[in-house]
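> The sequence and its predicted three-dimensional model are supplied below.
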Amino acid sequence: MKRKVLWSLLALILFASVNASAQKKQVVAAANKIVAALKNKDLKTVANFVHPTKGLRFAPYGYMDKSNLVFKKAQVPSLFLLRRSYVWGEYDGSGDPINVGFPTYYKQFIYDRNYARAPGVSYNKQIGFGNGVFNVRENYPQASFVGYNFPEGADGNVMGWSTLYLVFEKSGAQWYLTAVVHDEWVI
């Protein structure tokens, strides 16, 4: 009887390990496609990955709150065409509102570095630490996320590190993009 229980337990552990490995492979593959699409400003491709009911949240820093904007999947492909400004949050240090159009937000808080060629990539792990709060897990406890990191001094930026996180949540058998989080050294 004990032997049967041990074999069952071993089979469960092996299955969980294989399942976690397959999950990581699926999420990282999707993240790599999305970061390449972001590099090319291809929001149509990005929209293909957006969560169908939750939409896509944009956070300018690692700390997310209710001020972060969320766009529906159908809105994402045309974000570059929007002419109006939105308040995306507050600038670190000054507290002034980040009141800009999407093209400016994209340059400052999405693709401010060539994340498709980031020297550091992480899976479900914060990469890049400072005095800011990183609360992806609190907002998305069941999520998986991939971080693309430039350490301080990389690519000539002596001001500090930055990481672009792509956050995914599972619905059915599919993993969907639910947040794009830009984290960086803050004051």
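Sure, I can see it.

> Apart from its chain neighbours, what residue comes closest to residue 76?
Among residues not flanking residue 76 along the chain, residue 47 sits closest, at 4.0 Å (C-beta to C-beta, 6 or more residues apart in numbering). Heads up, the C-betas are built off the backbone N, CA and C, glycines and all.

> for the helix or strand hosting the one you found, which positions count as buried?
Element membership for residue 47, per DSSP states H and E: helix 43-49. In terms of neighbour count (16 or more other C-beta atoms under 10 Å), helix 43-49 has its buried residues at 43, 46, 47, 48, 49.

> From the contact counts, what lies against it?
On a contact count with 3 or more C-beta pairs under 8 Å, 6 or more residues apart in numbering; DSSP states H and E, helix 43-49 meets helix 2-39, strand 174-184.

> re earlier: same list, the buried residues of helix 43-49, but as a markdown table with pLDDT and distance to residue 66 please.
Formatted as a markdown table, the buried residues of helix 43-49 follow (pLDDT from 0 to 100; distance: C-beta to C-beta, whole Å):
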| residue | pLDDT | distance to residue 66 |
| --- | --- | --- |
| 43 | 98 | 24 |
| 46 | 98 | 23 |
| 47 | 98 | 23 |
| 48 | 98 | 27 |
| 49 | 98 | 24 |
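
> now the helix or strand residue 167 falls within: how far from the chain's centre is it?
Residue 167 is part of strand 162-171, with elements assigned from DSSP H and E. Here strand 162-171 shows a centroid-to-chain-centroid distance of 3 Å under the convention C-alpha atoms, centre = their mean, to the nearest Å.
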